[in-house]
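S.K.: Build me a structure from this.
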Amino acid sequence: MSNPLSSLKRFLPVPPPRRVVLLPDAMFFVRTVPVADGSAAEVAAQVELALEVIAPFPLAQLYYGHHWKPGAVHALVFAAYRKRFTPADVEGWADADAVLPSFVTLLKDGNTAATTLLLTGADSLTAVHYGDASDVPTLVKVEPLSADATEAERATARDSLLKSLGGTVGVTEVAEAPQLDAESPQGEFVFKAGAISSHFTASTIEPLDVRDKVELAARRRAHARDLILWRTFVGSAAAIALAALLELALVGNGLWQKQRLAVIARQTPVVNTIMTSQALATRIDELSTKRLRPFEMLAVLNAKRPPTIQFMRTVTSGLYKLEVEAQTNASADINVYRAALNDLPECEKAEVLDPRSRDGLSTFRLAVTFKPDAFKSEGAQP
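M.R.: Numbering: from 1, shown residues only. Next up, the predicted model:
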């Protein structure tokens with residue numbers, strides 16, 4: 001059975017696809033700065049202090065970000081002078097989920113010491129070198145290339161760039177430009193460049209974003225507000241859909257109930273006729289196969305009747321019940337007589353009703369119910 005919420009989502013507005021802006025590596029200067037281990041916020045504060053010292057411009061004139069892993073003793077800092085980007089460039093960042101230097105998308109876990117990642121771009125070569133196993137690069141160098149550089153010139157630039165790193169035991173070359181994987185899970189970012197794949201969550205990509213930090217904080221607040229509004233809308237739409245389904249179910253049940261009552265109304269005369277016929281047949285069977293046996297009943301009662309009890313009047317009720325009005329001057333014999341009748345195999349139940357005593361004389365009604373087969377062995381069929 002399909003989920004109603006899943007069906008509902010087909011009719012809801014589809015969020016726009018995520019967009020990440022990748023900037024040329026050559027526009028950034030990159031440094032590693034020592035940091036003391038602490039929380040992500042504390043490391044971010046240390047990075048800003050270090051940038052104020054090493055950058056040629058104030059922080060307010062820079063687009064910057066940093067990369068750090070818990071336990072690492074240094075952070076990778078990258079920054080660019082804001083005036084290097086045109087207003088049109090900056091305007092295009094407004095609807096982006098992240099704005100990053102291209103080499104940042106290749107930062108991944110599991111790197112061994114003395115290894116290098118070499119990204120070949122159209123106008124630059126970028127070497128990301130890991131001097132230790134902290135997964136935070138210790139050196140990033142960018143070698144600009146002219147657009148019409150020959151293969152020989154590119155090879156010379158590559159060799160020169162690798163030598164400037166001070167030694168590496170393994171080089172992984174990436175010739176394809178990194179791209180955001182369109183199949184990235186919601187809230188996550190997966191970048192692929194050839195065989196290289198790197199994964200970022202919303203929290204890990206946040207310090208890598210180079211946009212204005214005040215604007216980013218305002219953007220995060222707006223995003224959180226929009227998310228709450230979106231979930232409220234989806235929840236309300238789901239509640240409305242569920243209410244509509246329940247209303248349809250009630251309407252359907254009402255129609256079914258009306259049909260059922262109509263069928264009952266049509267069948268009632270037929271059922272009444274059948275029940276009347278059945279009752280008549282039962283009565284005819286009783287009259288033809290059974291008969292009232294008051295004398296046999298009295299004979300059974302007289303067989304156990306104490307001499308002190310006198311029968312005044314007898315009345316039958318149905319085929320198997322006899323009521324006797326009696327009197328006695330020995331009231332103790334009444335219960336003895338009732339017990340004796342209850343012990344008889346022909347009697348189903350014997351009851352004493354409405355006992356009264358006056359001037360030493362007790363009157364009572366004796367109601368005796370006989371078993372249907374009490375007199376089968378006696379008498380002939382009518």
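S.K.: Going by C-alpha atoms from here, please, whenever you check contacts or count neighbours.
M.R.: Noted.
S.K.: And the next helix or strand past the helix ranked longest in the chain?
M.R.: For the chain, the longest helix by residue count, based on DSSP state H, is helix 213-289. Counting by DSSP states H and E, the next helix or strand C-terminal to helix 213-289 is helix 294-304.
S.K.: Just checking: what are the partner strands of the helix or strand just after that following helix?
M.R.: Next in sequence after helix 294-304, counting helices and strands by DSSP H and E, comes strand 309-317. Strand pairing for strand 309-317, using DSSP bridges, gives strand 321-328 (antiparallel).
S.K.: Return the alpha-carbon coordinates of the partner strand using PDB.
M.R.: C-alpha atoms of strand 321-328 as PDB (Å, rounded to 0.1, in the frame of the first residue of the first chain):
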ATOM      1  CA  LYS A 321     -45.100 -26.700  34.000                       C
ATOM      2  CA  LEU A 322     -47.600 -27.200  36.800                       C
ATOM      3  CA  GLU A 323     -48.500 -24.700  39.500                       C
ATOM      4  CA  VAL A 324     -50.300 -25.900  42.700                       C
ATOM      5  CA  GLU A 325     -51.900 -23.800  45.400                       C
ATOM      6  CA  ALA A 326     -51.600 -25.700  48.600                       C
ATOM      7  CA  GLN A 327     -51.900 -25.400  52.400                       C
ATOM      8  CA  THR A 328     -50.600 -27.200  55.500                       C
END
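S.K.: immediately after that strand, which helix or strand?
M.R.: Strand 321-328 is succeeded, C-terminally, by helix 332-342 (DSSP H and E).
S.K.: Return the set of buried residues in that following helix.
M.R.: For helix 332-342, a neighbour-count test (16 or more other CA atoms under 10 Å) marks 333-334, 337-338, 341-342 as buried.
S.K.: Mind giving me the packing neighbours of the longest strand seen in the chain?
M.R.: In the chain, assigned by DSSP state E, the strand with the most residues is strand 347-358. When contacts are defined as 3 or more CA pairs under 8 Å, 6 or more residues apart in numbering; DSSP states H and E, strand 347-358 packs onto helix 332-342, strand 361-370.
S.K.: So for D97, which of the ones you listed sits nearest?
M.R.: Closest to D97 of those is strand 361-370 (CA to CA; 93.2 Å).
S.K.: Now do the closest one: which elements does it pack against?
M.R.: strand 321-328, strand 347-358.
S.K.: and V210, what is it in contact with?
M.R.: Neighbour list for V210: 63-65, 79, 99-100 [criterion: CA atoms under 8 Å, 6 or more residues apart in numbering].
S.K.: which pair in these spans the largest distance?
M.R.: The largest separation in the contacts of V210, counting by CA to CA, is between A79 and V99 at 12.2 Å.
S.K.: just to revisit the earlier point, report the angle between the longest strand of the chain and strand 321-328.
M.R.: With axes from the mean of the first three to the mean of the last three CA atoms, to 10 degrees defining the directions, strand 347-358 sits at 30 degrees from strand 321-328.
S.K.: Can you check what angle separates strand 347-358 from strand 361-370?
M.R.: Counting by the same axes, to 10 degrees, strand 347-358 lies at 170 degrees to strand 361-370.
S.K.: Report the buried residues of strand 347-358.
M.R.: 347-352.
S.K.: Show me the domain layout of this structure.
M.R.: As recorded under automatic domain parsing, the domains making up the chain are 15-211, 233-289, 294-370.
S.K.: Let me know which of those is the nearest to R221.
M.R.: Short answer: domain 15-211, nearest of the domains of the chain by CA to CA, at 13.3 Å.
S.K.: Can you give the distance of that closest one from its chain's centre?
M.R.: 40 Å (CA atoms, centre = their mean, to the nearest Å).
S.K.: quick one: which of the buried residues of helix 332-342 is nearest A224?
M.R.: For the buried residues of helix 332-342, the nearest to A224 is N342 (86.1 Å; CA to CA).
S.K.: From E188, how far off is the closest one?
M.R.: 88 Å (CA to CA, to the nearest Å).
S.K.: Kindly report the same for P34.
M.R.: Taking CA to CA, one finds P34 at 29 Å from E188.
S.K.: what does A374 give?
M.R.: 90 Å.
S.K.: now P306
M.R.: P306 sits 102 Å away from E188, going by CA to CA.
S.K.: where does this protein have low pLDDT?
M.R.: Along the chain, the parts satisfying pLDDT under 70 run over 1-16, 286-290, 376-382.
S.K.: what's the closest of the helices and strands packed on strand 361-370 to D209?
M.R.: Nearest of the helices and strands packed on strand 361-370 to D209, taken as CA to CA: strand 347-358 at 96.9 Å.
S.K.: Can you tell me the SS state at G71?
M.R.: Three-state assignment for G71 (DSSP: H, G, I helix; E, B strand; the rest coil): coil.
S.K.: For it, give me its contacts.
M.R.: Applying CA under 8 Å, 6+ apart, the residues near G71 are 37, 134.
S.K.: And it, its phi and psi?
M.R.: Backbone geometry at G71, expressed as degrees, to the nearest 10, gives phi 100, psi -20.
S.K.: again with the one 4 residues further on
M.R.: Geometry field for A75 lists phi and psi as phi -130, psi 150, criterion degrees, to the nearest 10.
S.K.: Nearest spatial neighbour of it, chain-adjacent residues omitted?
M.R.: Closest residue in space to A75, ignoring its immediate chain neighbours: W68 at 4.8 Å, by CA to CA, 6 or more residues apart in numbering.
S.K.: contacting residues around the one you found?
M.R.: By CA under 8 Å, 6+ apart, the residues touching W68 are 74-76, 136.
S.K.: Just give me the closest of these to S198.
M.R.: V136 (13.7 Å).
S.K.: tell me which element the closest residue in space to A79 that isn't next to it in sequence falls in.
M.R.: Counting by CA to CA, 6+ apart, A79 lies nearest to Y64, which is 4.0 Å off, once chain neighbours are set aside. Using DSSP H and E, Y64 falls within strand 62-67.
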